[in-house]
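K.L.:
this is a predicted model, with the sequence first.
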Amino acid sequence: MENKFTVIEHLEELRRRIIVCLVFIGISSIVVYLNTERLMGLLVKPVGKLVFISPVEVFIAYLKLSVWGGVFLSLPVILYQVWKFISIGLKAQEKNFVLLYTLISFFLVIISWIFAYGVVLPVSLKFLLGFGGPNIFPMISVGKYISFVGMFLLVFAVVFQTPLIILFLTKFRLVTPQFLARKRKHFILVIFIVSGLLTPPDVFTQLMVSLPMIILYELSIWLSKMIKK
């Protein structure tokens, strides 16, 4: 017989899961901070050299990088805690699906970071920095660059969750493959609108974000057909 939790017990469980996540993020952030120079050298490669325009900018950038890195390193623990909390009210078969989707979500995030950092980011930076001229020289501050790269990776991590979201919706019969195929044009329009809002104001970067989303959407239609069968 499955355990029945009251509202207070659910809130207590949620608080405990959040505390576990925060503890791991804190520990991971400290580990990242102790290796910020090495990590910064890796992040700076696509752009070359950075500058700082205030005495505390480098320190703040290092703290920001530590928090971003702490969240990224803690992602497996965060996803596991989310799964444990959700699985309380699920049946055995539903728990298996949620666990599978959690693992898939983690690997999609890793793939998105590899694609974003290794392919899109260098090309996007080259395109954006190409707008300089004989009297305009790029001088990127370390704080702005860390914020840009962090948001860049976050956007791609969310975008690459598209197949997982559609699989969830198909599993619970909220959408069908036929519906997804019929609404393809509308979805593509939404993709370009969202990419325009989430990316820097240049067409090239928007295309680099939109094309993977369209491919993932087509993959989602194929996967939803398999789930329905």
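P.N.:
Happy to help now that I have it.

K.L.:
alpha carbons only for contacts and neighbour counts from here, please
P.N.:
OK.

K.L.:
residues near residue 217, how many?
P.N.:
For residue 217, the neighbour count with other CA atoms under 10 Å is 22.

K.L.:
before we move on, what about the one 3 residues further on?
P.N.:
A count of nearby residues for residue 220, using other CA under 10 Å, gives 21.

K.L.:
again with the one 4 residues further on
P.N.:
Counted with other CA under 10 Å, residues neighbouring residue 224 total 24.

K.L.:
what's the distance between it and residue 163?
P.N.:
Counting by CA to CA, to the nearest Å, the gap from residue 224 to residue 163 is 9 Å.

K.L.:
which SS state does the spatially most central residue of the chain fall under?
P.N.:
Centroid check for the chain by CA atoms, centre = their mean gives residue 157 as the closest residue, at 2.2 Å. Here residue 157 is recorded as helix under DSSP: H, G, I helix; E, B strand; the rest coil.

K.L.:
and the helices in this structure?
P.N.:
Ranges of helices in the chain, per DSSP state H, are 7-33, 36-44, 57-73, 75-86, 92-115, 121-129, 142-159, 162-171, 177-182, 184-198, 203-228.

K.L.:
using CSV, list the CA coordinates for stretch 52-63.
P.N.:
Presented in CSV, the C-alpha positions along stretch 52-63 are these (Å, rounded to 0.1, in the frame of the first residue of the first chain):
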residue,chain,number,x,y,z
PHE,A,52,37.9,44.6,-16.2
ILE,A,53,36.6,48.2,-15.8
SER,A,54,36.1,48.3,-12.0
PRO,A,55,38.3,47.2,-9.1
VAL,A,56,35.8,44.5,-7.9
GLU,A,57,34.6,43.3,-11.3
VAL,A,58,37.0,40.3,-11.4
PHE,A,59,36.1,39.2,-7.9
ILE,A,60,32.3,39.5,-8.7
ALA,A,61,32.8,37.7,-11.9
TYR,A,62,34.6,34.9,-10.1
LEU,A,63,31.8,34.6,-7.6
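
K.L.:
of the helices of the chain, give the one that comes closest to residue 50.
P.N.:
For residue 50, the closest of these is helix 142-159, at 5.5 Å, according to CA to CA.

K.L.:
buried ones in that closest one?
P.N.:
Within helix 142-159, the residues that count as buried by 16 or more other CA atoms under 10 Å are 142, 143, 145, 146, 149, 152, 153, 154, 155, 156, 157, 159.

K.L.:
with that, I have no additional questions.
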